[in-house]
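Enquirer: A structural model of the following input is requested.
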Amino acid sequence: MINSIEILKRLISFDTTSSNSNEPLVKFVLDYLSDFNIKPYIFGDEKTKKYCLHARIGPEGEGGVVLSGHTDVVPTVGQQWLSDPYELREDSEHLYGRGTSDMKGFLACSLAAIPKMIDAKMNKPVYLSFSYDEELGCLQGSNIAKQILKDYDISPCIAIIGEPTGMEIVRAHKGIMSFETTVKGTQGHSSLITEHTSAIYIASKLIHWLEDKMYQLIKEGFIDDTFYPNHSTIHVGIVNGGTAFNIIAGNCTFSWEIRDIPSSIDIQSILNDFHSYGKYLLSNQKDGENAQITTSIIQKDTPYLNTPPDNPSIKLCSKLLDDNNVYTKSYATEAGQFQALGYDSVLCGPGYIEQAHKANEYIDISQMQKCDLFLHKLVDFQSQ
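Expert: As a prediction, this is how the structure comes out:
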């Protein structure tokens, strides 16, 4: 019987960087499932050859549990790896490779548990849910969550999203929404700065406004001490603008994001205030009527997760892990999208987020073993 580490070795060998197709990995999963006479559903983008896959193991009916994860990984370009990131390397404690923690380790454990699911003749179903483009902004989370409900004609059930939590139970995480703001100024000779509108000057004032807004929200009490940091964050990550030091900048673009804690802030209200401030800035420029500020959405709203501690998903994971502790995280996942569609959603998966997205990414062998045991107990629970 193939084990989770052997499956992980195969999954890592597929370079499923978000800019690439995940078709070879999906084909491997399809072949693997066919050995157990499991017929999954696939859908996706024929142009990019990217596909979501979901499947049911066990009987029809309610009381199911979804095991959800994404197949795509972040790039390795510019990182200093000690070995081939797409060839699993093992030492006495760790398994190295791109996606080991984030989050092919969970996918491998889920696939490795299928023989036990088949042999157990479960009374309630388990569903696999493998998406793509999560690393580009959770672009398929809602789609696959909806498709499961449609294809199996069921009510929302428990969803365990296996992001790397160290096999701890995470009941809440922040949401995220990102934007790109472009300032078009009026170019001219730098000695005539008071006659023209510098796109860089205007952009810098807008950036400072965003930082001030974050601290204003903190002062107004929009905090949650279960998170670190304990407030919604507003961050500018990229700034580009200008042509030469002696030309008044005609263009400046900056990319920024809001990561909001649950039930905290009205993002649209922040955008409205941001736009109003931009108009005020241009109104105070000598030729401001010839300048322009536009903001577009880069990443649509990926909702926060906010699962009550007494939720069935939390109770189930607590029972399987024999652990009643619950945590929160500041990153965003597809779990909030599952919850928005009515699923009882929780994060719980092997590996640590601290190892994700960096060179020489690894997962502890002990984490794989703990996830294997967790899923075997889940099968027993679904067989009761």
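
Enquirer: list the buried residues in the longest strand along the chain.
Expert: In the chain, taking DSSP state E as the definition, the longest strand is strand 292-302. Using 16 or more other CB atoms under 10 Å as the test for burial, strand 292-302 gives 293, 295, 299, 301, 302. C-beta here means a position set from N, CA and C on the backbone, and glycine is covered the same way.

Enquirer: also stretch 270-290?
Expert: The neighbour-count check on stretch 270-290 (16+ other CB under 10 Å) flags 270, 274, 277, 278, 281, 282, 285, 288 as buried.

Enquirer: redo those residues as JSON lines? Include pLDDT.
Expert: Below are these laid out as JSON lines (pLDDT from 0 to 100):
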{"residue": "270", "pLDDT": "96"}
{"residue": "274", "pLDDT": "98"}
{"residue": "277", "pLDDT": "98"}
{"residue": "278", "pLDDT": "98"}
{"residue": "281", "pLDDT": "98"}
{"residue": "282", "pLDDT": "97"}
{"residue": "285", "pLDDT": "95"}
{"residue": "288", "pLDDT": "93"}
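
Enquirer: so which residues make contact with the lengthiest helix in the chain?
Expert: Identified as the longest helix of the chain according to DSSP state H is helix 199-219. Contact with helix 199-219 is made by 181, 183-185, 231-234, 236, 239, 241-242, 249-254, 256, 264-265, 270, 273-274, 277-278, 281-282, 285, 291, 293, as judged by CB atoms under 8 Å, 6 or more residues apart in numbering.

Enquirer: the helix or strand just after the longest strand of the chain pairs with which strands?
Expert: Note on strand 292-302: by DSSP states H and E, the next helix or strand toward the C-terminus is strand 305-306. Sheet neighbours of strand 305-306, with direction, are listed as strand 169-173 (antiparallel) (DSSP bridges).

Enquirer: strand 292-302 and the strand it pairs with, what's the angle between them?
Expert: Angle, strand 169-173 to strand 292-302, by axes from the mean of the first three to the mean of the last three CA atoms, to 10 degrees: 150 degrees.

Enquirer: tell me the contacts of residue 335?
Expert: Residue 335 is in contact with 68, 159, 161, 163, 173, 305, 345, 346, 347, counting by CB under 8 Å, 6+ apart.

Enquirer: ignore what I typed, I meant residue 112.
Expert: 2, 3, 4, 7, 372, 375.

Enquirer: let's see that with 10 Å instead.
Expert: 1-8, 32, 368, 371-372, 375-376 (CB atoms under 10 Å, 6 or more residues apart in numbering).

Enquirer: same check on residue 117?
Expert: 36, 38, 57-58, 110, 125-126, 128, 375-376, 378-379, 382-383 are the contacts of residue 117 under CB under 10 Å, 6+ apart.

Enquirer: which parts of the stretch 201-350 of the chain are helices?
Expert: Counting by DSSP state H, counting those that start in this stretch, the stretch 201-350 of the chain has helices at residues 267-283, 312-321, 335-340.
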